[in-house]
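Undergrad: how would this look folded up:
(2 chains)
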Number of protein chains: 2
Amino acid sequence: MSNSTIGIGLLGMGVVGGGVATVLDRNREQLSALVGRPLELKGVLVRDASRPRAHQLPAGIITTDPREVLDRPDIDIVVELIGGQDPALEYIMKSVSLGRHIVTANKEVMARHGPDILTEAKGKGVQVLFEAAVAAGTPIIAPLLRDLAANEIIDIHGIINGTTNYILTRMANEGADFNDTLVDAQNLGFAEADPTNDIEGIDAAYKLAVLATLAFRARVKGTDVYHEGITKLTSRDFLHASELGYAIKLLAIAERADGAVQARVHPALVPQSMMLAKVDGVLNAIEVQADLTGKLLFHGAGAGSMPTASAVVADIVDIARNVAGNSVPPSNLTLSDSVSVKPISELETRYYIRLTTADRPGVLAQVGRVLGDLNISIASAIQKETDEVAQSAELVLMTHLSSEAAMQTAIERLEALDVVADVGNVIRVEEW
Amino acid sequence: MSNSTIGIGLLGMGVVGGGVATVLDRNREQLSALVGRPLELKGVLVRDASRPRAHQLPAGIITTDPREVLDRPDIDIVVELIGGQDPALEYIMKSVSLGRHIVTANKEVMARHGPDILTEAKGKGVQVLFEAAVAAGTPIIAPLLRDLAANEIIDIHGIINGTTNYILTRMANEGADFNDTLVDAQNLGFAEADPTNDIEGIDAAYKLAVLATLAFRARVKGTDVYHEGITKLTSRDFLHASELGYAIKLLAIAERADGAVQARVHPALVPQSMMLAKVDGVLNAIEVQADLTGKLLFHGAGAGSMPTASAVVADIVDIARNVAGNSVPPSNLTLSDSVSVKPISELETRYYIRLTTADRPGVLAQVGRVLGDLNISIASAIQKETDEVAQSAELVLMTHLSSEAAMQTAIERLEALDVVADVGNVIRVEEW
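TA: The predicted structure follows:
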């Protein structure tokens, strides 16, 4: 084994950075044996050098000046753990331009600028790995690129936001409503003080953009992904779904359709018999359907400092083995410019519709006419509870395969009907 | 891209070989782009050159003479798909000695001789990959070696034999008995005419040996793995298990214990809430618990020509990328000689015991005394159905954590009791 070390620069020293430093330190020997040369942390960019840290770093490597990491010629691999777009993107691009390899856990940067970064990296002959950007320590990016290399990916269905899956699991189990469960989740540390990114599906949309880019070798950006959050779900939706044999999950779905890609994040009714319906709590799971393998499920923790550090260090080792062997393999990702992203309006799926209607004859006929005029065919209709005081009833419809554009028009027309007091919720039904 | 091809030699042209040839052919361009050089099938060893084949091979590359593949200097990667130990092992060792890289789907050879092959390969600087040997196209070996590189593996729990999981799923759902279900599975092509390797847990033991070797970097051979099949399970066991909140699965378990490894395959009661309890039909699933990531589940098809071909071609591409880059990375597997394998008698676990007893007072006292004398403590006892004609009753016991050695003695002593007509079954209870 050569004694010359492989230099690592760390940008950001939050809990994940601390985890990475700890793992590099604790597993020093094992990792050196794997790589063939020792790994050495040579520069760590922090915001506040005086802050006490759980993981003790060697003197002299901590800095608040990014140039002291980015410009150091003995750093082979820059590990970006700052998060968010700025200044992470700038540091990554600068590092690539200087010929450094990159490991990042940054879903936002990869979702918004991944294709550009990868193209730039290819030109410079450097590797950019980002296993931790989706589902933390649960392998999904390396499997897509390596293990499924011989496959055409057909579709991806994922539960890739632990906060929302925790909330939905509790709503399903306890009959609780969204707002109460969110507050509980915040108190328990499973949801952030500003939960917008999670509960509106933005976080999942970033991650799905990354997965869809790799799976379909297409330039899918976060903004291409339709997203709809979980805030409109009520305990009644869970009750009806369960009676109909479904769970409600926030699904991230990407699929190939007529030479284009469709990518969307929204709540969905999932048959209770499917594996994704059985994924509970803060866990993540991603089901990939590919032409040779059929359906594969990857299931595990989707967050946390140590699971994330696991993915980051695996990527570091991957690159370091190539650096040690003096051979960076050709990029295993060639993105096509000809694959477009389909808008959500072109979706065809089944729908669950919950309406509050007047409790009098002829309601179903009027609702049915609105849907029928738009070619939306009803698969089943159940009139649920009646509120005698308000003289209202609850109507739950399941449709056959219908067009999203038609459904959006239908919702408007239903809301305009005298006999419809409220379109309580419309949820897509997914079976694959 | 260099035009010089990377030569592939194929040993064996059954359904998997046909799948591999088809995939190499159909995905020629995509694979060349990934590798940086074209892949070319240069020699195919078959048993009968005149047999018609679904996949047409170029003239002149089919041979019945192994030397025409093994000795060809323009073959870089030898793909062994013969199966079984002989002559596959000999061909692999010969190829390694000649400096060829190896891809194999051969669980038996890897379980019995994997450590020797890997040691030899390391000396020769060649790669030996075998993703297809366990769970076919479901990634598990690459994730263990690559994605979990920074982790210590704590344990592995797998359902890695599709035939038995199919039988157990039907027994659970239909209340059917083992023999009827086996015949059905044979008629449907899910079980072989001679099902011994599957139903006795031998196939799973081979696969577990491979996984345990990688996970614990120990020399675990197939013969080190305790195996017990599913033939003794009855519909009554499924009934009781279900009432107690458990599924019955044939589990393959490997765990680190006091510096040693314990590896075993046997039927087990698994709490219905656990993911492995929810894996139904011919599918495979492997749950890996690691120190950084926590529990990860890999779930998918465990057999079939195309899923297997997916794994084989992914391995070929992995090696070919290194060949194209003129750089074979150092082996990422160093096996320790100091990790021993614990015998099953040293196991500590919980047990389910089903007894047919005399239907008279004092039975539970006598049974309890036998167990108590051996330090086996009863967690719950339920007297089930009584057969008034035979004057017998069924007694189902769940124990606390107990020693396997004590339990084996207990079974003998229980069988010797006058009041025990039959020790119907003893099944280990696994929660992790």
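
Undergrad: Would you mind naming what in the stretch 201-350 of chain A lies close to chain B?
TA: A:275, A:278, A:285, A:290-301, A:304, A:306-307, A:309-311, A:313-314, A:317-318, A:321-322, A:324-330, A:332, A:334 (CB under 8 Å from any CB of the partner chain). Every residue, glycine included, has its C-beta placed from N, CA and C.

Undergrad: Sort out which of the residues you listed are buried, if you could.
TA: A:275, A:278, A:285, A:290, A:292-301, A:304, A:306-307, A:309-311, A:313-314, A:317-318, A:321-322, A:324-325, A:327-330, A:332 (16 or more other CB atoms under 10 Å in any protein chain shown).

Undergrad: Which ones among those residues map onto strands?
TA: Counted as lying in strands by DSSP state E, out of those, are A:Ala285, A:Ala290, A:Gly294, A:Lys295, A:Leu296, A:Leu297, A:Phe298, A:His299, A:Gly300.

Undergrad: Is it possible to get CSV of those residues that adds pLDDT?
TA: CSV is the format used below for those (pLDDT from 0 to 100):
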residue, pLDDT
A:Ala285, 98
A:Ala290, 98
A:Gly294, 98
A:Lys295, 98
A:Leu296, 98
A:Leu297, 98
A:Phe298, 98
A:His299, 98
A:Gly300, 98
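
Undergrad: Widest-spaced pair of those?
TA: A:Gly294 and A:Gly300 (20.4 Å; CB to CB).

Undergrad: what comes into contact with stretch A:395-405?
TA: Identification of contacts with stretch A:395-405 by CB atoms under 8 Å, 6 or more residues apart in numbering or on different chains yields A:240, A:244, A:344-357, A:363-364, A:367, A:371, A:374-384, A:407, A:429.

Undergrad: Any idea which residue of chain A lies closest to chain B?
TA: Residue nearest to chain B within chain A (CB to the nearest CB): A:Ser327, separated by 3.1 Å.

Undergrad: For stretch A:267-281, buried residues please.
TA: Applying 16+ other CB under 10 Å to stretch A:267-281 flags A:Pro267, A:Ala268, A:Leu269, A:Val270, A:Met274, A:Met275, A:Leu276, A:Ala277, A:Lys278, A:Val279, A:Asp280 as buried.

Undergrad: right, and the fourth one touches A:Glu430 too?
TA: Yes: A:Val270 sits in contact with A:Glu430 when judged by CB atoms under 8 Å, with a separation of 5.8 Å.

Undergrad: ok, now which ones touch A:Leu24?
TA: Contacts of A:Leu24 by CB under 8 Å, 6+ apart are A:Ile8, A:Leu31, A:Leu39, A:Leu41, A:Val313, A:Ile316.

Undergrad: Just give me the neighbour total for A:Lys94.
TA: For A:Lys94, the count of nearby residues is 16 (other CB atoms under 10 Å in any protein chain shown).

Undergrad: sec struct for it, please.
TA: Going by DSSP: H, G, I helix; E, B strand; the rest coil, the secondary structure assigned to A:Lys94 is helix.

Undergrad: For B:His299, see how far away it is.
TA: 41 Å (CB to CB, to the nearest Å).

Undergrad: next one: A:Leu371
TA: For A:Leu371 relative to B:His299 (CB to CB), the value is 38 Å.

Undergrad: so what secondary structure elements neighbour the helix or strand of chain A with the lowest mean pLDDT?
TA: Counting by mean pLDDT, DSSP states H and E, chain A has its least confident helix or strand at strand A:378-387, which shows a mean of 87. Here strand A:378-387 touches helix A:363-373, strand A:392-399, going by 3 or more CB pairs under 8 Å, 6 or more residues apart in numbering or on different chains; DSSP states H and E.

Undergrad: What ranges does the stretch 51-200 of chain A have for its strands?
TA: Applying DSSP state E, counting those that start in this stretch to the stretch 51-200 of chain A gives strands spanning A:62-63, A:77-80, A:101-104, A:128-129, A:153-159.

Undergrad: what are the ranges of the helices in chain A?
TA: Along chain A, the stretches classed as helices by DSSP state H are A:15-26, A:28-35, A:67-70, A:88-97, A:107-124, A:141-142, A:162-174, A:178-187, A:196-199, A:202-216, A:235-243, A:305-324, A:363-373, A:404-416.
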